[in-house]
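Trainee: Pasting a predicted model and its sequence here:
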Amino acid sequence: MIILGVDPGTRFSGYSILKREKSSIYLITCDFLRLSSQKPLPERVFEFCENFEHIINKYEVTDISLETPFLGKNAQNFLKLGYLRGILYFLAQKHKLKILEFTPREVKLAITGFGGASKDQVSGMVHKMFPRLPIFKRDDVTDAVAISLCAAWQIKNLAASYEG
């Protein structure tokens, strides 16, 4: 099973690829996609689609893992996030992939054992699990790794060894 975890955004989208074999989880890659704020939104959405379709094909993804969105202070951002989530749903249908979604609280609980954990606590635990994971200035990538870990654990719910 190969899981694509995505933390989508209209400027920066973190992603990770995890491979689960029996009771082991391997971090294959993780990075972020940068979309130019100078481009119109439709061009950014198209670029998002093209890039994630390439990732799905390159890594032979079987599952996509997402965090459910919450309405923050800016409703416009929430709506724009919906466009990107729609693209991921489209790609999942096109490539016959499963989508797993988790609330932010579920992700934090799975990674740290505490549903109210801070971003730093989640990042710290992700780096303990995958010590070779680079430290990124943005949280998008570690969030994507955490989201994909939730999917890996939920699918088999077994104790796993980590290799990154």
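Mentor: Now that the structure is in, tell me what you want to look at.
Trainee: Send me stretch 122-139 as PDB with only the CA atoms.
Mentor: Extracted in PDB, the C-alpha atoms of stretch 122-139 (Å, rounded to 0.1, in the frame of the first residue of the first chain):
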ATOM      1  CA  VAL A 122       3.200  17.000  16.100                       C
ATOM      2  CA  SER A 123       6.300  18.000  14.200                       C
ATOM      3  CA  GLY A 124       8.500  16.800  17.100                       C
ATOM      4  CA  MET A 125       6.900  13.300  17.100                       C
ATOM      5  CA  VAL A 126       7.000  13.000  13.300                       C
ATOM      6  CA  HIS A 127      10.800  13.800  13.500                       C
ATOM      7  CA  LYS A 128      11.200  11.200  16.200                       C
ATOM      8  CA  MET A 129       9.500   8.600  14.000                       C
ATOM      9  CA  PHE A 130      11.500   9.500  10.900                       C
ATOM     10  CA  PRO A 131      14.800  11.000  12.200                       C
ATOM     11  CA  ARG A 132      16.200  11.500   8.700                       C
ATOM     12  CA  LEU A 133      13.200  13.700   7.800                       C
ATOM     13  CA  PRO A 134      14.600  17.200   6.900                       C
ATOM     14  CA  ILE A 135      13.400  20.100   9.000                       C
ATOM     15  CA  PHE A 136      11.300  22.400   6.900                       C
ATOM     16  CA  LYS A 137      10.500  26.000   7.600                       C
ATOM     17  CA  ARG A 138       6.800  25.400   6.900                       C
ATOM     18  CA  ASP A 139       4.600  22.900   8.700                       C
END
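Trainee: Quick check, residue 123 in contact with residue 140.
Mentor: No: the pair residue 123 / residue 140 is not scored as a contact, 10.9 Å apart, by CB atoms under 8 Å. Every C-beta, even on glycine, is put in place using the N, C-alpha and C of the backbone.
Trainee: how about the helix or strand encompassing residue 42: buried residues?
Mentor: Using DSSP states H and E, the element containing residue 42 is helix 41-59. Within helix 41-59, the residues that count as buried by 16 or more other CB atoms under 10 Å are 44-45, 48-49, 52, 55-56, 59.
Trainee: so where's the protein shaky on pLDDT?
Mentor: For the chain, applying pLDDT under 70 flags the ranges 71-72, 155-164.
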